[in-house]
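> Predicted structure and sequence below. I'll ask about it afterward.
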Amino acid sequence: MMKIFPLLFMLLFSVQSNSSTLLILGDSLSAGYQMPIEQSWPALLGEQLKRLDTPTTVVNGSISGDTTGNGLARLPALLAQYKPSTVLIELGANDGLRGFPVKTIITNIEQIISLIKAQNSQVILLQIKIPPNYGKRYTEAFSSLYPQLSERNNLPLLPFFLEPLMQKPQLLMKDGLHPTVKAQPWIAQFMAKELAPYLK
């Protein structure tokens, strides 16, 4: 999840003027890593949601390399500008890959949740997992922080979309961490089905 884009790539994908607004607060897994941003799954999500009779304006507020701390710092401006009805939190992978303390990650995400709720917006959390080579104790503690936060804050927890792709290496880049361009439509469809029940 290395940071290769110094500027914020943020696209507003409008489906209908009366639709709800979904803000995706994420990192390279959502930012269109090494591909045109319009080919990323968030860019394709709006059309998939429309097909599920859930018209939604999707705002991609993701930056490659972002940690939970970076996302927390950027969030107030995003909330003020877009006033989203729902925010999907897709953060934590870079914290885990850098071995940040689990308590720090939890604290940052808790603050992100509080800021979103303060605006009366719905919060949806995405499960994140890291490779097992970081040691069983850390990887398990990292993975379990998401269900803990979900339960503690009464939030929907969506499954990690990268996990099914691990069985299809042709849909992953050579680093084994990022989905390819060909994987983006599948991710958009997968996420639309997971998100639709909470956006209606």
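Now that the structure is in, tell me what you want to look at. Numbers count the residues shown, from 1 in each chain.
> Doesn't Val59 belong to a strand?
Yes - if the criterion is DSSP: H, G, I helix; E, B strand; the rest coil, then Val59 is within a strand.
> From Glu90, how far out is it?
In this view, Val59 and Glu90 are 13 Å apart by CB to CB, to the nearest Å. Just so you know, the C-beta spots here come from the backbone N, C-alpha and C atoms, and that holds for glycine as well.
> of the two, who's got more company?
Glu90 (27 against 22; other CB atoms under 10 Å).
> So the more buried one versus Lys174, what's the distance?
Glu90 is 22 Å from Lys174, by CB to CB.
> same deal with Leu22?
Distance from Leu22 to Lys174, by CB to CB: 31 Å.
> of those two, who's got more company?
More crowded of Leu22 and Lys174, by other CB under 10 Å: Leu22, with 28 against 8.
> strands paired with the host helix or strand of the more buried one, and their directions?
Here Leu22, judged by DSSP states H and E, is contained in strand 20-26. Sheet pairing of strand 20-26 (DSSP bridges) gives strand 56-60 (parallel), strand 86-90 (parallel).
> so can I have a markdown table of these showing mean pLDDT and distance to Thr68?
Putting these into a markdown table (pLDDT from 0 to 100; distance: least, CB to CB, whole Å) gives the following:
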| stretch | mean pLDDT | distance to Thr68 |
| --- | --- | --- |
| strand 56-60 | 97 | 18 |
| strand 86-90 | 98 | 9 |
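> Rebuild those strands as a markdown table, extending it with distance to Leu155.
Output for these, formatted as a markdown table (distance: least, CB to CB, whole Å):
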| stretch | distance to Leu155 |
| --- | --- |
| strand 56-60 | 18 |
| strand 86-90 | 9 |
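> closest to Leu44 out of these?
Nearest of those to Leu44, taken as CB to CB: strand 56-60 at 9.1 Å.
> Any buried residues in the closest one, and which?
Buried residues in strand 56-60, defined by neighbour count with 16 or more other CB atoms under 10 Å: 56-60.
> next one: stretch 167-179
171-172, 177-179.
> Kindly indicate which of these lies nearest Ile124.
Lowest distance from Ile124 to the buried residues of stretch 167-179 (CB to CB) belongs to Pro179, with 19.7 Å.
> I figured the closest one hits Leu162, correct?
Yes - look at Pro179 against Leu162 with CB atoms under 8 Å: they come within range, at 6.7 Å.
> Could you name every residue contacting both of those two?
Leu29 (CB atoms under 8 Å, 6 or more residues apart in numbering).
> All the strands of the protein, in order from the start?
12-13, 20-26, 56-60, 86-90, 122-126, 157-158 (DSSP state E).
> possible to save those as CSV with distance to Ser144?
Formatted as CSV, the strands of the chain follow (distance: least, CB to CB, whole Å):
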stretch, distance to Ser144
strand 12-13, 33
strand 20-26, 20
strand 56-60, 28
strand 86-90, 16
strand 122-126, 13
strand 157-158, 11
